[in-house]
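Trainee: Next one to model:
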Amino acid sequence: MAPSTTHRAFHVTTKEKNKLRKPIVEKMRRDRINASIEQLKTLLHKEFHQQQPGSKLEKADILEMTAGFLKGQVKTSTKLGYCQGFSQCLQDSLRFLSLQAPHQAAEMRVKEHFHGSQNATQSRFSPEPLLNSVPPQVCTKQPAISSPTALWRPW
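Mentor: Numbers count the residues shown, from 1 in each chain. This next block holds a predicted model:
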């Protein structure tokens, strides 16, 4: 009788596939983490050497310093955003008043109000007064409304 070979089908269950795939996926995940930490290290090279010159940084150190650096960036951008918003609000108010108010008294009251508000928050947000940074407005005055009953509406 001739030798016969039986062809056994190699059937792998889903559980076995996951068991084989798990170490490969874990290695890929660790490689991604390590690559990202190395990118952070190169991007923030100056910052790291200022805080800990000449020392070998561990991954945890790199992540902590990165978090601290980003927190500092957020505080700076928040401070700048507040100052820019305050200045923009003041400029818009003065521009509106120069177009609408026939008397300078209202404009002066708004300036005083903004100056008072600015002094209250200046120590927290800005070392220099924003009122001095407001450029002089050159606006053409619109003719006054002839009818006293007509109201100006923004729409």
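
Trainee: for the protein, what spans make up the helices?
Mentor: 14-43, 45-51, 59-100, 104-125 (DSSP state H).

Trainee: Least confident secondary structure element in the protein?
Mentor: Counting by mean pLDDT, DSSP states H and E, the chain has its least confident helix or strand at helix 104-125, which shows a mean of 67.

Trainee: re the thing from before, columns mean neighbour count on top of the helices of the chain, output as TSV?
Mentor: Bear in mind the C-beta positions are built from the backbone N, C-alpha and C, glycine included. TSV is the format used below for the helices of the chain (neighbours: other CB atoms under 10 Å):
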stretch	mean neighbour count
helix 14-43	11
helix 45-51	13
helix 59-100	14
helix 104-125	13
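
Trainee: Lowest mean pLDDT across these, which one is that?
Mentor: Looking at the helices of the chain, the lowest mean pLDDT belongs to helix 104-125 (a mean of 67).

Trainee: Can you tell me the closest non-neighbouring residue to Phe69?
Mentor: Counting by CB to CB, 6 or more residues apart in numbering, Glu47 is the residue found nearest to Phe69 once chain neighbours are left out, at 5.4 Å.

Trainee: Per-residue confidence at the residue lying closest to Leu20 once chain neighbours are set aside, what does it come out as?
Mentor: Closest residue to Leu20 apart from its sequence neighbours, by CB to CB, 6+ apart: Val12 at 7.8 Å. The predicted local confidence for Val12 comes out at a pLDDT of 79.

Trainee: Val12: neighbour count?
Mentor: Using other CB atoms under 10 Å, the number of residues around Val12 comes to 9.

Trainee: From Met28, how far off is it?
Mentor: 20 Å (CB to CB, to the nearest Å).

Trainee: go on, Leu43?
Mentor: Distance of Leu43 to Met28, given as CB to CB: 23 Å.

Trainee: Kindly report the same for Leu97.
Mentor: Distance, Leu97 to Met28, using CB to CB: 62 Å.

Trainee: Please apply the same query to Glu112.
Mentor: 64 Å.

Trainee: for Thr76, same thing?
Mentor: Thr76 is 36 Å from Met28, by CB to CB.

Trainee: try Lys46
Mentor: Here the criterion is CB to CB. By it, Lys46 lies 31 Å from Met28.
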